[in-house]
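[1] Build me a model:
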Amino acid sequence: MKWLAAFLCMSAIPALAQDQQEQNPMAQQQFPMFVNCLPSSPEDRLLQLYDEIPMLEGQASIIIPGDRLLDGKMIIYLEPNGKTFTIMFEPTPDISCMIMSGSDITPVVSGEPL
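    The predicted model follows:
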């Protein structure tokens, strides 16, 4: 009888965990993504096609399969009038990967203007 009670309690744990995840909107989710990489810098092409220039750079990490981190350099290219942007990731100096691109980028403004 103790075995049956223990089995019933253990079988309820996954259901409770799933219920808690559904109630917690901040639960981590992973989305499958494809990242296009080139064996060269995209700087000339981004300037030629979209008038984007490198604006910000810094060290960054992305999560790769196996929950491992891949470290590298992140560069944000912007069109000076805010029409378009591209975020690139360089895991090594000779590989450039496009993480995302978009349009209508603006600063986030809160509080009193400067």
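[2] From now on I want contacts and neighbour counts done on CA atoms only, so please keep to that.
    Noted.
[3] which residue is nearest the middle of the protein?
    The residue lying closest to the centre of the chain (CA atoms, centre = their mean) is residue 62, at 6.8 Å.
[4] Next one: that residue from residue 100, what distance?
    Relative to residue 100, residue 62 is positioned 13 Å away (criterion: CA to CA, to the nearest Å).
[5] and what of residue 52?
    14 Å.
[6] same thing with residue 26?
    23 Å.
[7] Looking only at neighbour counts, state which of the two leads.
    Of the pair residue 26 and residue 100, residue 100 is the one with more neighbours under other CA atoms under 10 Å, namely 13 against 8.
[8] what residues are up against that one?
    Listed by CA atoms under 8 Å, 6 or more residues apart in numbering, the contact set of residue 100 reads 86, 87, 88.
[9] Kindly reformat the residues you listed as JSON lines containing secondary structure, distance to residue 57 and neighbour count.
    Shown next, in JSON lines, are the contacts of residue 100 (DSSP: H, G, I helix; E, B strand; the rest coil; distance: CA to CA, whole Å; neighbours: other CA atoms under 10 Å):
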{"residue": "86", "secondary structure": "strand", "distance to residue 57": "12", "neighbour count": "20"}
{"residue": "87", "secondary structure": "strand", "distance to residue 57": "10", "neighbour count": "18"}
{"residue": "88", "secondary structure": "strand", "distance to residue 57": "9", "neighbour count": "25"}
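[10] Need those in a markdown table (columns: distance to residue 75 and pLDDT).
    Converted to a markdown table, these look like this (distance: CA to CA, whole Å; pLDDT from 0 to 100):
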| residue | distance to residue 75 | pLDDT |
| --- | --- | --- |
| 86 | 8 | 96 |
| 87 | 6 | 97 |
| 88 | 5 | 96 |
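[11] just to revisit the earlier point, find residues that contact each of residue 52 and residue 100.
    Here residue 52 and residue 100 have residue 86 as joint contacts, going by CA under 8 Å, 6+ apart.
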